[in-house]
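Trainee: What follows is a predicted structure for the sequence shown.
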Amino acid sequence: FPHAPRTLKTNTMRSNIFLFCIVFVINLGGSSSEAKEWWKRDGEDSSYPAVATAVLSEESTAFQEMDVLSASRLKSTRNQKNVKVEFLVHNQPEFEMIRGLDGVKDMRLDQDLTMNFLTRNAPSELNKMYAKEQNFSTIDGFPCYRDLSASFQLMDQLASNFTDLVSVLDIGDSYLKTQGDGGHDIKVLKITNKNVLLSAEKANLVLMFGLHPRELAPPELGMRLAETLVNGYGVDAEITSILDRTEVHLILQANPDARALVEGDLSTFQRKNLHQVGQRPCIIGQIGVDLNRNFPFMWGRRGASASPCAETYRGEEAASEPETRSIVDYLESVFPESQRKEDPEGNDLFVPYSRNNTGIFLDTHSYGNLIIWPWSFQNRESKNDLEMEAWARKITSFNDYTLAGPKTAGYLFEASGVSDDFGYGKLGVVSGALEIGTDFYQDCETFENTIVPDNIPMYLYL
């Protein structure tokens, strides 16, 4: 699941940041007075993620303050349903804050889980096998993933080489750019045969990647899809038909400021954008707003935090962030206004949308091997659940992912202000969130041999 905290760092670290000797001297079940040190590297004070476990009541709101990695339901008692969670903590104050939340029991750091997490997310020797012979820069230690600058370079290159198929659209600015502090454009790679049919006559498929920057694999997967489409046009009958009849919109880097931070310092595990809300930096957690709690549909409900340093901080208001506003405005321009409801969050909330509505929106994250569909803000089926679950099941026929929609065994906890609820609830299109792979910093072997071949055909099916 995509989360992870830490006070903002700006120093660049070596590619082998995780291949270090760790001293762990905390009594795993002990009190704070017994916690003499945190994770260290080369004798330097430095907050590295540790994995903790706790038992929560199913109704606890502590979920929204935690950076959850996994959750599993425990055997219920007569009066209580409990969930065991594994989650990241980044320093001692954060550990103590979470331990003091209502409904948190049996909380402890787990050395074995921590070592496993850091090892799995470290660059490996196998990654070197998958280095690409290409004129693009890649993320240090992960040669299968082109970096932020290379993703923008690819967009421009495809637009130049495939003028009848590809357009690059600037749809807005990142937070830092709005502040005059560097920053980036939010861009869309639009792919369709410009010479066949009018835009109004074509279906629309919008795929988003990189909303949480610590998830390395999704933007590269989007780039591989773009290359598959343009190189297959006129060669592959299915791809040719898709681009003749469909406009494919790829938001490859939805959170570029924070992506640049992560690529320069993998130890940050930055999830949010770089908007520091308030006057002081975070002692607990990270600065920024979780863009996937900031969408203007059922914003500010359970599963999103009001604390600016929490990993699921929702922002000061719905669509408060320039990245979110840019994406929302673009989605509203793509999908027909005529198929929306008058009061989607009120009287029309549980009125089904017409089966004649067109358009698909899919937000790709990592990790978990899950397909999620609305509702996420509450564990309740929408009035179009049969159609959306059928769509999700078709996706799983390609990648064998777990169904994680409402009222399924894979549904774990509520999350409000999320992109897929906005796509369906506000715009009336089939929407979902895909969780690919098994790690934030997915190894290249798994990416090349499993994620790419399992999911490119799935995207083409959409």
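Mentor: Thanks, I have the structure now.
Trainee: Please make it C-alpha for all contacts and neighbour counts, starting now.
Mentor: Noted.
Trainee: Could you list the buried residues of the one helix or strand W391 maps to?
Mentor: Counting by DSSP states H and E, the element that carries W391 is helix 385-399. Residues of helix 385-399 classed as buried: D385, M388, E389, W391, A392, R393, I395, T396, F398, N399 (neighbour count, 16 or more other CA atoms under 10 Å).
Trainee: Kindly report the same for stretch 171-188.
Mentor: Using 16+ other CA under 10 Å as the test for burial, stretch 171-188 gives I171, G172, D173, S174, Y175, L176, G183, H184, D185, I186, K187, V188.
Trainee: Pull the most distant pair out of these.
Mentor: Put simply, by CA to CA the two of those set farthest apart are L176 and V188, 18.7 Å from each other.
Trainee: for the helix holding W391, packing partners?
Mentor: Counting by 3 or more CA pairs under 8 Å, 6 or more residues apart in numbering; DSSP states H and E, the packing neighbours recorded for helix 385-399 are strand 370-372, strand 402-403, helix 452-461.
Trainee: for the ones you listed, which one ends up most surrounded?
Mentor: strand 370-372 (a mean of 26; mean count of other CA atoms under 10 Å).
Trainee: re the thing from before, the buried residues of stretch 171-188 in helices, which ones?
Mentor: Using DSSP state H, the members of the buried residues of stretch 171-188 that fall in helices are Y175, L176.
Trainee: Looking at the buried residues of stretch 171-188, which one is closest to S338?
Mentor: Taking CA to CA as the measure, S338 lies nearest I171 of the buried residues of stretch 171-188, at 22.3 Å.
Trainee: Low-confidence ranges, the stretch 101-250 of the chain, go.
Mentor: Low-confidence regions of the stretch 101-250 of the chain, defined by pLDDT under 70, span residues 132.
Trainee: Which strand residues bridge F142?
Mentor: Going by DSSP bridges, F142 is paired in beta bridges with I139.
Trainee: can you pull the contacts of it?
Mentor: Each residue near F142 by CA atoms under 8 Å, 6 or more residues apart in numbering is listed here: P123, N127, K128, D443, C444.
Trainee: The first one contacts P143, correct?
Mentor: No: counting by CA atoms under 8 Å, no contact exists between P123 and P143, whose distance comes to 9.6 Å.
Trainee: mind checking the backbone torsions on the residue positioned nearest the centre of the chain?
Mentor: In the chain, the C-alpha closest to the average C-alpha coordinate belongs to H365, at a distance of 3.6 Å (CA atoms, centre = their mean). Here is the backbone geometry of H365 (degrees, to the nearest 10): phi -130, psi -180.
Trainee: beta partners of it?
Mentor: E435.
Trainee: What pLDDT is listed against it?
Mentor: Model confidence at H365, given as pLDDT, is 98.
Trainee: circling back to that earlier point, chain center to the helix holding W391: distance?
Mentor: Mean-position distance between helix 385-399 and its chain equals 20 Å (CA atoms, centre = their mean, to the nearest Å).
Trainee: now do stretch 249-257
Mentor: Relative to the mean C-alpha coordinate of its chain, stretch 249-257 is positioned 11 Å out (CA atoms, centre = their mean).
Trainee: ditto for stretch 255-266
Mentor: Relative to its chain's centre, stretch 255-266 lies at 14 Å (CA atoms, centre = their mean).
Trainee: can you check stretch 127-139 too?
Mentor: On CA atoms, centre = their mean, the centre of stretch 127-139 falls 23 Å from that of its chain.
Trainee: is it true that D106 touches S57?
Mentor: No: counting by CA under 8 Å, D106 stays clear of S57, with 11.6 Å between them.
Trainee: Please say which of these two ends up with more neighbours.
Mentor: For D106 versus S57, the count of surrounding residues by other CA atoms under 10 Å is larger for S57: 19 against 11.
Trainee: excluding its backbone neighbours, what's nearest the more buried one?
Mentor: Distances taken as CA to CA, 6 or more residues apart in numbering put N82 closest to S57, at 4.4 Å, once the chain neighbours are dropped.
Trainee: what's the spacing between that neighbour and A433?
Mentor: As judged by CA to CA, to the nearest Å, N82 and A433 stand 26 Å apart.
Trainee: From the neighbour counts alone, determine which of those two ranks first.
Mentor: A side-by-side neighbour count of N82 and A433, using other CA under 10 Å, places A433 first with 25 against 19.
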